[in-house]
Each structure stands twice: as structure tokens, then as C-alpha cells.
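Visitor: Give me the fold of what follows.
(chains A and B)
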2 protein chains.
Amino acid sequence: MIDRTPAKNGQLALLLEVAGTPKPGNVDRHREYDDLRFEQFLAGAVGAVHGLNLAADPETGVGHAFERAIAGMSNQQAGNTQFGALLAVVPLVRAAATDRLTPESVTTVVDETTVADAVGFYTAFDHVDVAVGDPPPETDALDVRRGSGAAPELRRRDLTLGDVMAESAPVDGVAAEWVNGFERSFGAAAWLQAADGPIYRRTSEVYLRLLAEEIDTFVVTRNGAETAEEVKNRAAAVLDGVEDAESLAEEFVSRDINPGTTADLTAAALYIALEEGLVI
Amino acid sequence: MIDRTPAKNGQLALLLEVAGTPKPGNVDRHREYDDLRFEQFLAGAVGAVHGLNLAADPETGVGHAFERAIAGMSNQQAGNTQFGALLAVVPLVRAAATDRLTPESVTTVVDETTVADAVGFYTAFDHVDVAVGDPPPETDALDVRRGSGAAPELRRRDLTLGDVMAESAPVDGVAAEWVNGFERSFGAAAWLQAADGPIYRRTSEVYLRLLAEEIDTFVVTRNGAETAEEVKNRAAAVLDGVEDAESLAEEFVSRDINPGTTADLTAAALYIALEEGLVI
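Guide: Model (predicted):
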């Protein structure tokens, strides 16, 4: 056996995430949208690998590596397939490539980010449309939708990528992972390792457990807090055997409910599990 | 948009092939075997990329590139997931990376192969078990199952990889493509381009058309000529609307019928179509 590099594990984590089924509200092996297809996630994972290789290279800033990963990922018609998943995976790849992957080592990666990394992160938004909420007026100059146009303001305020994530953490579940040592992702990786059977089923179970554990911030942004609370409770009902995951998947698709942040954390958990030796 | 490199298109072709459904008798988005899972094809495609990069590098022999692709592909528990697909795709990647991809340019790649390339091809068998038929006694020294052990005999007989493929062409549909300028693969690529809709459905249709067009040599090897003829006729019946592809897929899985060569040609067709601009 040849060991998979951190970058290859990153690519494989993206692929295993989208293959996991059922994942109510997200694209998976069995479900897709006309304008967001399974095959576009495959192309997104293929395109991301150059950025993932840069993420493994300590000479490259993680912000630039992320921006390159998004540029490559977006090389398909759907545009944004794995923005959040890559935002979660890139610092983990850096930690795995430069140290043993632990909550502490990824926290070091976050703590060492620079203003240039923040500029890289904002520049990534030039490549894709990402659904985000309106920022409060006082931070409008740092609206991520400004993309690389926000660079002067980032430099003026001397904000690192870690600072930017700390700002977003209350409203973005991936940013929250950046500031808490990827606590939920590491926990979910342990669930993946402890479970049996095909990875696509374990991925589904871990996704549902994450969804039942905390409200999905992407659902809050797109559908409101009340719907996000309902989604959390419905996922818990599936785990309790009261609801059926396949039916819930159909319903979420029909209601345009997409717990994308939970899918992103699932990709992060898969990545950590692969680094820890998950056998495929 | 960033253009995908030939190597990345090679990786994407492997992923799109396995995602295509229904493909009666092969692993796809909806079907797998306990010992041959969808996720293992994903890992196979991730692992193959180093070899595909070498295939795009004119300084590297195609035989060695193929052997490295197989070594990387086999880095998952199932072992052989995409041996034949890579055998079909590697010379196409070389042709695309060094010239415009045409039947003529890939024929040049084949004609320029060396004895060292043949050794590389045989060495690839050291990494995986591939189902092959017994060779006639007079060529026993060149049984592919000897792997790199066949190297002295290859050198003694001065056989290039093109020569080896010409020997196998009558009993192996992928080898036949090597000697005929990938005629069926280019034809199937045109079908892919002419069709509409999601790629996974077009892939299914192209697979069925290839299967109905000629007997699958892998089915001949594993199940005999009579079964291979039946498989061909049943695929034609699906295309004629007389049989249902999903039911046929269930039946072939239960009867352990695996038209793997046709899946390999489907991967080659996807690769050619991607190089010709198939939009994902």
C-alpha cells in the first residue's frame, strides 16, 4: 500500500462526502438538482487538487491555497459545489502535512494565518457565488461578496484569516470550527471510525448526527432560524427511528432546504478519519 | 474557467464512468458488491492521478506511467477497480498532452512504445489480481500473471507494448482499441457529445450501446462466449425498449456477470469527450 498524501486525502474526503447517502437536503449518490449535479461535485473535487497540494506546502499561505482550490473547484457549470468543504479541509491539510493532525496543530495553523491569507480567502469569492447573509452596516466594507475588493480594508484593519473566521464564527458553522480547534469535526471523525459498514452509510449517519446536534448555519442564512431548528429536530427524529431519512431527503429537496454547513463538517470529519487511517 | 489538464480529465473520466447508472453488471452510483464498492472506485481515481500526470509527461514511458497509475489506484481494499480503464486512458492522455487527440495521434503513441513500456505494463500486474484467461502453452512465458517476472522474456523477444497489445487484441477489447486507433472509443465519445441531459444518463446509454455492439471480452473470459453473446443481445433489447436496464442490472449482479471491458471503453469515451470539450 502507498500512503495517500494529505492533499489526496483531501480530494478523497470531498468525493466520499458527496457519495454519502442519504444526506437529507444535500446532493448525494441518489439525489441531485438540475443545476447542481453529482457529476459537478466530481469535477469540483478533480479541480480542487492543485489548491490542496498548495495547502500541503508550508511555503504557500493557506489563504492562497484555499483561493486556488476554489478556482479549480469552480471549473464546472454549477459554480459553488464545495466552497465550505474546502474551507474546512484546507487548514486540516496544512496541519496534517506539517505536523500530526490534532485540534492543537490545526489551531496553530489558524493562529499563524496572516492578512495575506485573509486576502486570499476574500479573493476566493471572486470565483463563485456563495449564499451569505447581509453583514451589519458597520462591517459592510468586509462583506465577503466584495471578494478581492475588500483587500484594502483587510490591510487597513490588519485582519488575519483567523480574525476573519473569529468574526464569522457566531453565524457560520465552518468558521466556528476554525476557532474551536475543529472540535465537532474531530468528534464526528471518531464516530466514522467507530461505525461499521460501507463508508457511504457511515457518512450518512455522521451527517445526521451532526445535523441533530446543532442548527445548520447555512439553513439559517437561506431559510431562517425557525426552519433550521425544525431541520435539527427532524434529523434527531430520524436517529430516533421516528422519521425515515429517505423521505426526509425528498422533502428537504422539495422545500429547497440545504444543510450545506453540516455537509462541510462531514467532509472535514471524513478528512480527519482518513488521516487517522480510515480504511477504504 | 481554468482548462482541465489531460491528467485531470483522465481522473474525471474514471469518476464519471463509475457514476454512470444504470450500467448493468458494473458498479455504479446505485449498485456495488460487498467486496467492490463505489467508494473504492473513488479512492482508485484519487490514487491514479500521479500515474496520469506521468502519462502526460513525454519524458516518461507510457508503460511506466501505467504501472504507477495502477500502483496508486490499487491503494484501497478492493485491489483492481480501474485496471482496464487506465489501460485505455493512459495512451489517450499521452496523445492529448503531446498532440491533438485523434485516432492518428494515439496510434503514434502506440507505435512509439518500447520494450521498456511492455515491462512496465507487465509490472503493473504485480499490484493487482486481474482476471485473465490462460494463454496458449507456447506463450506461457508471457502470461501477464507473471508480472515483472516476464521482463527477461519480453526483452529476449524484443516485444514492445504495442506488440503485446496486438497479441492480446483478439481476446481483449481494450487491447483491440490500442491496435485500431481507439475506433470504438472515439465513436462512443461522439455519442456522448450528441446526447442530452445529465452525464450519468448519457454514460449509461453509451455503455449500453457499446455492450450491444460487440461481445464483452471480459465476460467471455469469466463467463464464456455463450453468456457474452446473451449479454450483447440483452443490451440490444434494452436499447429496443424490450427490456428494462434496472432489472437487467439486478440480474447481472446476481449472476456475477461483469462486462468490465465495456466499462473500460466507456471511460475511454468519456475521456475523449472531455478532451473534445464535454461540459460538466
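Visitor: what does the stretch 1-150 of chain A have sitting close to chain B?
Guide: Selection of the stretch 1-150 of chain A residues close to chain B by Cβ under 8 Å from any Cβ of the partner chain yields A:1-2, A:4, A:8, A:11-12, A:15-16, A:19, A:29-30, A:32, A:37-40, A:42-43, A:45-47, A:49, A:71-72, A:75-77. Using the backbone N, CA and C atoms, a C-beta is placed for each residue, glycine as well.
Visitor: Which ones among the residues you listed map onto helices?
Guide: Residues of those located in helices (DSSP state H): A:8, A:11-12, A:15-16, A:19, A:38-40, A:42-43, A:45-47, A:49, A:71-72.
Visitor: Sort out which of the residues of the stretch 1-150 of chain A next to chain B are buried, if you could.
Guide: The neighbour-count criterion (16 or more other Cβ atoms under 10 Å in any protein chain shown) marks A:4, A:8, A:11-12, A:15-16, A:19, A:29-30, A:32, A:37-40, A:42-43, A:45-47, A:49, A:71-72, A:75-76 among the residues of the stretch 1-150 of chain A next to chain B as buried.
Visitor: quick one, the helix or strand encompassing residue A:88 and helix A:38-47 angle?
Guide: Per DSSP states H and E, residue A:88 falls inside helix A:83-98. Interaxial angle, helix A:83-98 versus helix A:38-47 (axes from the mean of the first three to the mean of the last three Cα atoms, to 10 degrees): 30 degrees.
Visitor: Can you list the buried residues in helix A:83-98?
Guide: With burial defined by 16+ other Cβ under 10 Å, the residues of helix A:83-98 counted as buried are A:83-97.
Visitor: Please list all residues in contact with residue A:183.
Guide: Residue A:183 sits next to A:103, A:177 when contact means Cβ atoms under 8 Å, 6 or more residues apart in numbering or on different chains.
Visitor: Could you list which residues are in contact with residue A:154?
Guide: By Cβ under 8 Å, 6+ apart, the neighbours of residue A:154 are A:115, A:118, A:119, A:122, A:142, A:164.
Visitor: In strands, which of these appear?
Guide: In strands, defined here by DSSP state E, there are no members of the contacts of residue A:154.
Visitor: Output these as TSV; include the columns distance to residue A:237, pLDDT and neighbour count.
Guide: Formatted as TSV, these follow (distance: Cβ to Cβ, whole Å; pLDDT from 0 to 100; neighbours: other Cβ atoms under 10 Å in any protein chain shown):
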residue	distance to residue A:237	pLDDT	neighbour count
A:115	45	98	20
A:118	40	98	26
A:119	44	98	23
A:122	39	97	26
A:142	39	89	18
A:164	36	97	25
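Visitor: excluding its backbone neighbours, what's nearest the residue nearest the centre of chain A?
Guide: Nearest to the mean C-alpha position of chain A, by Cα atoms, centre = their mean, lies residue A:85 at 2.3 Å. Take residue A:85 and drop its neighbours on the chain: the residue closest to it by Cβ to Cβ, 6 or more residues apart in numbering or on different chains is residue A:267, 3.8 Å away.
Visitor: and what of residue A:38?
Guide: Per Cβ to Cβ, 6+ apart, closest to residue A:38 is residue A:32, 4.9 Å.
Visitor: so the one you found touches residue A:42, yeah?
Guide: No: using Cβ atoms under 8 Å as the test, residue A:32 is too far from residue A:42 to be in contact (11.2 Å).
Visitor: Mutual contacts of these two, please.
Guide: Common contacts of residue A:32 and residue A:42 (Cβ under 8 Å, 6+ apart): none found.
Visitor: State the distance from residue A:209 to chain B.
Guide: 19 Å (Cβ to the nearest Cβ, to the nearest Å).
Visitor: mind checking which helix or strand that residue is in?
Guide: helix A:199-213.
Visitor: buried set for that helix?
Guide: Counting neighbours by 16+ other Cβ under 10 Å, helix A:199-213 gives A:199-200, A:202-213 as buried.
Visitor: Sticking with residue A:59, tell me its helix or strand.
Guide: Per DSSP H and E, there is no helix or strand for residue A:59.
Visitor: Report how many residues lie close to the nearest residue to residue A:113 once chain neighbours are set aside.
Guide: Excluding the flanking residues, the one nearest residue A:113 by Cβ to Cβ, 6+ apart is residue A:161, at 3.8 Å. Neighbour count of residue A:161, defined by other Cβ atoms under 10 Å in any protein chain shown: 27.
Visitor: for the one 10 residues further on, same thing?
Guide: Counted with other Cβ under 10 Å, residues neighbouring residue A:171 total 14.
Visitor: That one contacts residue A:216, correct?
Guide: No: in this structure, residue A:171 is not within contact of residue A:216 by Cβ under 8 Å, at 11.7 Å.
Visitor: start to end distance for stretch A:235-243?
Guide: One end of stretch A:235-243 to the other measures 8 Å (Cα to Cα, to the nearest Å).
Visitor: chain center to the helix holding residue A:209, what's the gap?
Guide: Its chain's C-alpha centre and that of helix A:199-213 lie 14 Å apart, by Cα atoms, centre = their mean, to the nearest Å.
Visitor: For it, name the packing helices and strands.
Guide: Where contact means 3 or more Cβ pairs under 8 Å, 6 or more residues apart in numbering or on different chains; DSSP states H and E, helix A:199-213 is packed against helix A:6-19, helix A:183-194, helix A:225-239, helix A:260-275, helix B:38-55.
Visitor: Just want the angle from that helix to helix B:38-55.
Guide: Here helix A:199-213 points in a direction 110 degrees away from that of helix B:38-55 (the same axes, to 10 degrees).
Visitor: And the next helix or strand past helix A:199-213?
Guide: Downstream of helix A:199-213, the first helix or strand assigned by DSSP H and E is helix A:217-223.
Visitor: Please identify which residue in the stretch 101-250 of chain A comes closest to chain B.
Guide: residue A:199 (4.6 Å; Cβ to the nearest Cβ).
Visitor: close enough to count as contact, that residue and residue A:279?
Guide: No: in this structure, residue A:199 is not within contact of residue A:279 by Cβ under 8 Å, at 9.1 Å.
Visitor: which bits of the stretch 151-280 of chain A sit near chain B?
Guide: Residues of the stretch 151-280 of chain A lying near chain B (Cβ under 8 Å from any Cβ): A:198, A:199, A:200, A:279, A:280.
Visitor: how about the third one, what does it touch?
Guide: If you count contacts by Cβ under 8 Å, 6+ apart, residue A:200 has them with A:16, A:19, A:20, A:21, A:29, B:37, B:38, B:39.
Visitor: is it true that the second one touches residue B:39?
Guide: Yes: taking contacts as Cβ under 8 Å, residue A:19 lies within contact range of residue B:39: 6.2 Å.
Visitor: shared neighbours, these two?
Guide: Contact criterion Cβ under 8 Å, 6+ apart; residues shared by residue A:19 and residue B:39: A:199, A:200.
Visitor: From residue A:113, how far off is residue A:155?
Guide: Look at residue A:155 and residue A:113: by Cβ to Cβ, to the nearest Å, they are 14 Å apart.
Visitor: Who has more neighbours out of the two?
Guide: Ranked by neighbour count (other Cβ under 10 Å), residue A:155 and residue A:113 place residue A:113 first, with 24 against 13.
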